[in-house]
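Peer 1: After the sequence you'll find the predicted model.
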Amino acid sequence: SPMIEARDVTYAFGETPALRGASLAVGAGEVVAVMGPSGSGKSTLLHCLAGILRPDSGEVRFDGARIDTLGEADRSALRRDSFGFVFQFGQLVPELTAAENVALPLLLRGVRRTPALRAARGWFERLGLAGMEHRRSGELSGGQAQRVALARGLVAEPRVLFADEPTGALDSLTGEEVMTLLVDAAREKGTTVVLVTHEARIAAYADREVMVRDGRVNAPAGVAS
Ligand code: ADP
Ligand code: ADP
């Protein structure tokens, strides 16, 4: 069965329908790019898959089990223990150093500070961030901050990495560098990735692309669904 799956999911923000029967199944180890115009429902779909939002109707399954029926505490534990997240603009905690930011998911899982920071620092060299461990987000370039955010998404070896426009705030060369690092790290660990982007050049790094339009998921033009 798929690693993560939405079946016929609907979601509305008040009167605004964001998803109108969206279905998407992502296999273990697969890297899928969710594309589509602004406002089509990409972020909402990602948030439903990741257990951040609960759909109004339909099903979300992780590793075969329903997660949309879980309460807030169980979904929060699931996100902490099984999922990693990378967002646009990185969303680093400004008061913390880069290494502390990367260590956060481990600390939340109960790993002690010293081993958590050791594991966090292990990511800096491979992501081209050697020497940046003690900087705060305001002392990093956009590309550096986004690589720190990537390390934070991967440090706890999540089963699924959710990335919402992870290169959206970067220039094209830096964005491609971040995508290369993301996809290489995911493949090395067999991490399943669901990536939202509106840029074809970024989606090209994925194994598969799907299009969201008006709250539904379609195969890209020219591909039978
Ligand atoms: P995308 O990620 O493709 O840009 P979104 O999933 O963010 O699309 O949004 C889908 C629709 O839901 C849009 O009409 C958007 O304006 C609306 N929407 C998204 N988030 C909110 C929110 N927090 N409150 C109200 N409407 C929202
Ligand atoms: P994205 O498409 O990546 O979600 P947006 O800029 O559309 O980025 O949305 C940024 C934030 O604003 C999100 O938290 C989203 O839920 C919220 N948002 C989007 N559209 C609306 C809206 N119409 N009303 C209120 N909040 C919205």
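Peer 2: Received it, and whenever you're ready, just let me know what you need. Numbers count the residues shown, from 1 in each chain. Ligands and ions are numbered 1, 2, ... in the order given.
Peer 1: Could you check how many residues crowd around residue 98?
Peer 2: 28 (other CB atoms under 10 Å). Where C-beta positions appear, they are placed from N, C-alpha and C, glycine not excepted.
Peer 1: Run through the residues that contact the closest residue in space to it that isn't next to it in sequence.
Peer 2: In space, and not counting its chain neighbours, residue 98 is closest to residue 148: 4.8 Å by CB to CB, 6 or more residues apart in numbering. Contacts for residue 148 (CB atoms under 8 Å, 6 or more residues apart in numbering) come out as 90, 92, 98, 101-102, 127, 129, 132, 137, 140.
Peer 1: Tell me which two in the residues you listed are the farthest apart.
Peer 2: Maximum pairwise distance among those (CB to CB): 15.0 Å, between 127 and 137.
Peer 1: quick one on the thing from earlier: among the contacts of residue 148, which one has the most neighbours?
Peer 2: In terms of neighbours by other CB under 10 Å, the contacts of residue 148 top out with residue 102 at 32 neighbours.
Peer 1: distance of the residue of the chain found nearest ligand 2 from residue 162?
Peer 2: With CB to the nearest ligand atom, the shortest gap between the chain and ligand 2 falls at residue 43, namely 3.3 Å. Applying CB to CB, to the nearest Å, the value for residue 43 to residue 162 is 10 Å.
Peer 1: show me the contacts for residue 191.
Peer 2: Contacts for residue 191 (CB under 8 Å, 6+ apart) come out as 29, 84, 154, 157-161, 185.
Peer 1: likewise residue 172?
Peer 2: By CB under 8 Å, 6+ apart, the contact list for residue 172 reads residue 201.
Peer 1: Out of the helices and strands in the chain, which is least certain?
Peer 2: Using mean pLDDT, DSSP states H and E, the weakest-scoring helix or strand in the chain turns out to be helix 172-189, at a mean of 91.
Peer 1: Need the CA coordinates for that one. PDB is fine.
Peer 2: Output in PDB follows, covering the C-alpha atoms of helix 172-189 (Å, rounded to 0.1, in the frame of the first residue of the first chain):
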ATOM      1  CA  SER A 172      17.100  29.900  -9.300                       C
ATOM      2  CA  LEU A 173      20.700  28.700  -8.900                       C
ATOM      3  CA  THR A 174      20.400  28.500  -5.100                       C
ATOM      4  CA  GLY A 175      17.000  26.900  -5.400                       C
ATOM      5  CA  GLU A 176      18.500  24.100  -7.600                       C
ATOM      6  CA  GLU A 177      21.300  23.600  -5.100                       C
ATOM      7  CA  VAL A 178      18.800  23.100  -2.300                       C
ATOM      8  CA  MET A 179      16.700  20.700  -4.400                       C
ATOM      9  CA  THR A 180      19.800  18.700  -5.300                       C
ATOM     10  CA  LEU A 181      20.700  18.400  -1.600                       C
ATOM     11  CA  LEU A 182      17.100  17.600  -0.600                       C
ATOM     12  CA  VAL A 183      16.700  14.800  -3.200                       C
ATOM     13  CA  ASP A 184      20.100  13.300  -2.600                       C
ATOM     14  CA  ALA A 185      19.500  13.100   1.100                       C
ATOM     15  CA  ALA A 186      16.000  11.700   0.700                       C
ATOM     16  CA  ARG A 187      17.200   9.000  -1.700                       C
ATOM     17  CA  GLU A 188      20.100   8.000   0.500                       C
ATOM     18  CA  LYS A 189      17.700   7.400   3.400                       C
END
